[in-house]
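Asker: Predicted model follows, preceded by the sequence.
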Amino acid sequence: CTMILGDMGAEVIKVEEPGSGDHGRQNSPNIDGFSLYFAAFNRNKRSVTLNLKTEKGKELLRGLVERADVLVENYRPGVMARFGFSYEEVSKMNPGIIMVSSSGFGQTGPYAKRAAFDSVAQAMSGMMSVTGFDDRPGVRVGPAIADSTAGFFGAMGAILALYHKKCTGEGQLVDVSLLEGQLVLMAYTLMRQSVGSTMKRGGSSGAGAGPSAAFPTSDGKFVYVFAQDANHFPRICQLMDKPELVENPRYATRAGRTEHRAELNSIVSEWTRTLTADALEAILGEAELAFGRVNELAEVLEDPQIRAREMLVEVDHHGKGTLPLVGVFPKLTKSPGSIRTPAPLLGQHNEEIFCGILDVSKEEFATLQAEGVI
């Protein structure tokens with residue numbers, strides 16, 4: 001959430017615990033003690049440390065809240081209130097403040113105060129039930145998509161709330177959760193279930209289309225082909241030199257091709273195994289079909305389309321090493337975002353923020369350090 005806002009020009013101040021900081025800083029792997037996980041999501045931010053169990057720490061946070069447009073937090077519901085920073089209390093400090101609260105299940109409801117992580121939300125949303133192969137239990141999607149969707153919707157909510165504030169002067173609470181972000185992704189699947197059309201786990205086959213799969217090639221690669229439109233299947237048959245398949249009544253409709261997708265995929269696989277991945281892609285491209293190499297992660301890093309779109313940007317991290325950060329997205333033509341700074345070191349901007357923005361004297365700053373407030 002805050003990475004997206006920071007990429008687009010927001011001044012983001014990340015408040016962390018003294019000593020340990022964000023728990024993401026401890027995630028492996030790392031370069032010279034600097035977590036790659038933390039580096040991935042915390043560019044364009046400044047880091048300060050605050051002990052919110054101390055009154056002086058709370059007072060410093062109040063000073064930041066009074067000057068801020070948006071406050072983002074991801075504690076369980078009730079924790080910010082215990083610190084003295086519920087939305088009601090924060091809005092008294094700054095009536096126009098927008099507070100984005102991201103939690104596992106939202107600020108209300110019977111599960112509100114339960115702990116949650118990405119995989120818990122994937123499980124409870126039904127995402128796992130439709131992911132994997134039908135002859136074995138459902139599995140989680142590889143990346144932390146529940147964490148990510150909550151972040152996307154948190155950024156969207158903050159922007160919408162800022163627009164509302166521009167029109168009315170009013171701040172508001174933005175309530176997002178891991179579970180609900182997954183439900184948005186599952187919207188069509190849940191609608192189908194409501195009318196008795198259960199979606200089964202289909203491996204890598206595309207829903208409602210056939211042939212569709214990651215097809216093997218003679219050089220050990222896989223190329224994903226998705227034949228959804230009515231004119232796709234005849235083109236594939238022509239490429240395979242099997243025009244008679246087009247006339248087969250079993251494959252005459254999209255529903256029929258989906259029903260018999262396994263046998264169609266088997267037929268296509270026999271053909272693709274005779275070609276290298278490069279040759280297959282050239283043929284599919286000439287026929288204007290939808291396809292894509294099933295890239296290993298190392299291949300993604302070298303993909304020419306991804307490189308051409310500047311979706312991987314090499315950034316030096318405090319002299320500890322150069323890392324490829326995913327580029328700024330979405331891409332705006334009039335006000336494009338940018339990666340200006342790498343993820344900060346813990347407390348790197350304490351003096352800059354507290355003395356520069358909150359007018360803390362150098363003497364008081366030293367005292368705050370000595371007392372463990374910052």
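Answerer: Everything's here; your move.
Asker: For residue 268, see how far away residue 245 is.
Answerer: 10 Å (CB to CB, to the nearest Å). From N, CA and C alone the C-beta is placed, and that goes for glycine too.
Asker: Just confirm residue 365 contacts residue 353, I think it does.
Answerer: No - counting by CB atoms under 8 Å, residue 353 is not a contact partner of residue 365; they are 10.5 Å apart.
Asker: centroid residue for the protein?
Answerer: Central residue of the chain (CA atoms, centre = their mean): residue 148, 2.7 Å from the mean position.
Asker: what secondary structure does that residue sit in?
Answerer: At residue 148 the chain is in helix, as set by DSSP: H, G, I helix; E, B strand; the rest coil.
Asker: So which elements touch the helix or strand residue 237 falls within?
Answerer: For residue 237, the host element (DSSP states H and E) is helix 232-240. Applying 3 or more CB pairs under 8 Å, 6 or more residues apart in numbering; DSSP states H and E, one finds that helix 232-240 contacts helix 244-247, helix 261-272.
Asker: Please identify the most buried of those.
Answerer: Highest mean neighbour count among those (mean count of other CB atoms under 10 Å): helix 261-272, with a mean of 18.
Asker: Looking at it now, give me its mean pLDDT.
Answerer: The average pLDDT within helix 261-272 is 94.
Asker: And that helix, how far out from the chain middle?
Answerer: In terms of CA atoms, centre = their mean, to the nearest Å, the centre of helix 261-272 is set 34 Å apart from its chain centre.
Asker: For the residue of the chain most remote from its centre, which non-adjacent residue is closest in space?
Answerer: In the chain, the residue that sits farthest from the middle, by CA atoms, centre = their mean, is residue 244; the gap is 44.6 Å. Once flanking residues are discounted, residue 244 sits nearest to residue 237: 7.9 Å by CB to CB, 6 or more residues apart in numbering.
Asker: Can you list the neighbours in contact with the lowest-mean-pLDDT helix or strand in the chain?
Answerer: Least confident helix or strand of the chain, by mean pLDDT, DSSP states H and E, is helix 254-259 with a mean of 88. Helix 254-259 has contacts (CB atoms under 8 Å, 6 or more residues apart in numbering) with 208, 209, 210, 211, 227, 228, 230, 233, 249, 250, 251, 264.
Asker: mind listing what residue 48 touches?
Answerer: Neighbour list for residue 48: 13, 14, 15, 16, 347, 349, 350, 353, 354, 374 [criterion: CB under 8 Å, 6+ apart].
Asker: Need the per-residue pLDDT for it.
Answerer: 98.
Asker: same thing with residue 164?
Answerer: pLDDT, residue 164: 98.
Asker: wait, doesn't it sit right on residue 172?
Answerer: Yes - Residue 164 is within contact range of residue 172, at 6.8 Å (criterion: CB under 8 Å).
Asker: ok, the residue nearest to residue 244 to residue 275 distance?
Answerer: Residue 237 is 16 Å from residue 275, by CB to CB.
Asker: same check, this time on residue 167
Answerer: As judged by CB to CB, residue 167 and residue 275 stand 58 Å apart.
Asker: which one of these two has more residues nearby?
Answerer: Applying other CB atoms under 10 Å to residue 167 and residue 275 shows that residue 275 carries more neighbours, namely 19 against 8.
Asker: Does that one touch residue 283 like I think?
Answerer: Yes - Residue 275 lies in contact with residue 283 (CB under 8 Å); the separation is 7.2 Å.
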